[in-house]
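K.L.:
Below: sequence and its predicted model.
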Number of protein chains: 2
Amino acid sequence: MERIIIDMDEVIADPMGEMINWYKEHYGLDIDYTKMTSGSWVKGFPEQHQQLVRERLMSPGFFRNLPVMPDSTEVLGELNKVYEVFIVSAATEFPNSLKDKLDWLLQHFPFFTWRQLVLCGDKRMISGDHMIDDHPRNLVHFPGRKYLYHSPHNITVTDYQRLHNWKEAASVFL
Amino acid sequence: MERIIIDMDEVIADPMGEMINWYKEHYGLDIDYTKMTSGSWVKGFPEQHQQLVRERLMSPGFFRNLPVMPDSTEVLGELNKVYEVFIVSAATEFPNSLKDKLDWLLQHFPFFTWRQLVLCGDKRMISGDHMIDDHPRNLVHFPGRKYLYHSPHNITVTDYQRLHNWKEAASVFL
């Protein structure tokens, strides 16, 4: 069984979308998507509010209540039958996110077990046959095939096969 | 720089020692070390109290207040200068342990950063040049050199080079 490594944030969970909705509701200012292309979507928020955004990312509960990316539950359920699937999230930068991420995953993807989640800081020690991630910095060290999951912050990256959504991923892997 | 993967529980942290001290103080019954050799130190506790031991393992704070294994801080501080070190702990079975383990590590090993901790369920996707672990089930899939850290539950295992303590590990790696 081939092993597939799948990222969490901006790939199966949507913290950026949740943050943008919350921000628009509370502050009503525009998000500048062109400023995200340095690799961090936080840079798309007005400068005077980026610290506020970072604090909200660090707060208990933020990662517990995130929207699920469209079609990810259905497609990962199918992948889980024919691949060895691990969800690998760079999360130790956010200590309060750790239990939230485990609880969120087991709620929305009930076919996974706690054995299939990896919470780390750096992904360079992760091995497998395929990796799906929205950050080039996570893909670069991976020894297997690499797929960039489409996100506003990575639109200028051309080094990897791009997956625009989970329906496209299904057509590649299933 | 070679990468070394180091386990947490029974290798740099001492949950078994802490649990035994607590148990003797509260119940005063003997621990049967010979029953641990199935691979689980919980089996060394009298059968009628094993559930209680498991519940204490699951409780918030248990992994935050563990003793540090002798000489591990000094030796890991030296290893961290000449190896790429990652601490990899099978922890997702214990949701309340996740933040506790991060906080514990950064308190007692202040030369590490959050980038060097990996919290997982299964270690089969971890790659590196060396792995030190007390459980054969974690070593078996590892692609590099494997070292069994000595523990009462693994005394019958003969398949791996055994490290009896951190002084011996220092003589092997430094």
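P.N.:
On my side now, so go ahead. Numbers count the residues shown, from 1 in each chain, chains lettered A, B, ... in the order given.
K.L.:
Describe which strands the top strand by length along chain A pairs with in its sheet and in which direction.
P.N.:
Secondary structure of chain A per DSSP state E: the longest strand is strand A:84-90. Strand pairing for strand A:84-90, using DSSP bridges, gives strand A:3-6 (parallel), strand A:117-120 (parallel).
K.L.:
deepest of those, which one?
P.N.:
When these are scored by mean count of other CB atoms under 10 Å in any protein chain shown, the highest mean neighbour count falls to strand A:117-120 (a mean of 26). In this view, the C-beta of every residue, glycine as well, is placed from N, C-alpha and C.
K.L.:
C-terminal to that strand, what's the next element?
P.N.:
Of the helices and strands lying after strand A:117-120 in sequence (DSSP states H and E), the nearest is strand A:130-133.
K.L.:
Summarise which helices and strands that next one is packed against.
P.N.:
strand A:3-6, helix A:136-139, strand A:145-149 (3 or more CB pairs under 8 Å, 6 or more residues apart in numbering or on different chains; DSSP states H and E).
K.L.:
Dump the C-alpha coordinates for the second one into CSV.
P.N.:
Listed next in CSV are the C-alpha coordinates belonging to helix A:136-139 (Å, rounded to 0.1, in the frame of the first residue of the first chain):
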residue,chain,number,x,y,z
PRO,A,136,6.8,24.6,-0.9
ARG,A,137,9.0,24.6,2.3
ASN,A,138,7.3,21.4,3.3
LEU,A,139,7.5,19.7,-0.1
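K.L.:
and chain A, which residues reach chain B?
P.N.:
A:3, A:5, A:86, A:88, A:92-93, A:95-96, A:98-99, A:102-103, A:113-122, A:125-128, A:143 (CB under 8 Å from any CB of the partner chain).
K.L.:
Check the offset of the longest strand of chain A from the chain's centre.
P.N.:
In terms of CA atoms, centre = their mean, to the nearest Å, the centre of strand A:84-90 is found 10 Å from the chain centre.
K.L.:
what is the mean pLDDT for that strand?
P.N.:
Strand A:84-90 comes out with an average pLDDT of 98.
K.L.:
Equivalent analysis for stretch A:5-25, please.
P.N.:
Mean predicted confidence for stretch A:5-25 is 97.
K.L.:
picking that back up, please produce JSON lines containing the helices and strands packed on strand A:130-133, extended by distance to residue B:15.
P.N.:
Converted to JSON lines, the helices and strands packed on strand A:130-133 look like this (distance: least, CB to CB, whole Å):
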{"stretch": "strand A:3-6", "distance to residue B:15": "29"}
{"stretch": "helix A:136-139", "distance to residue B:15": "31"}
{"stretch": "strand A:145-149", "distance to residue B:15": "37"}
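K.L.:
Minimum distance to residue B:165: which of those has it?
P.N.:
If you check each of the helices and strands packed on strand A:130-133 against residue B:165 by CB to CB, strand A:3-6 wins as the nearest, at 34.6 Å.
K.L.:
picking up where we left off before, in PyMOL, select just the buried ones from the residues of chain A next to chain B.
P.N.:
Buried subset of those, written as a PyMOL selection, criterion 16 or more other CB atoms under 10 Å in any protein chain shown:
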select buried, chain A and resi 3+5+86+88+92+95+96+98+99+102+114+116+117+118+119+120+121+122+125+126+127+128
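K.L.:
Against residue B:91, how distant is residue A:120?
P.N.:
11 Å (CB to CB, to the nearest Å).
K.L.:
now do residue A:143
P.N.:
With CB to CB as the criterion, residue A:143 and residue B:91 are 25 Å apart.
K.L.:
what does residue A:82 give?
P.N.:
For residue A:82 relative to residue B:91 (CB to CB), the value is 28 Å.
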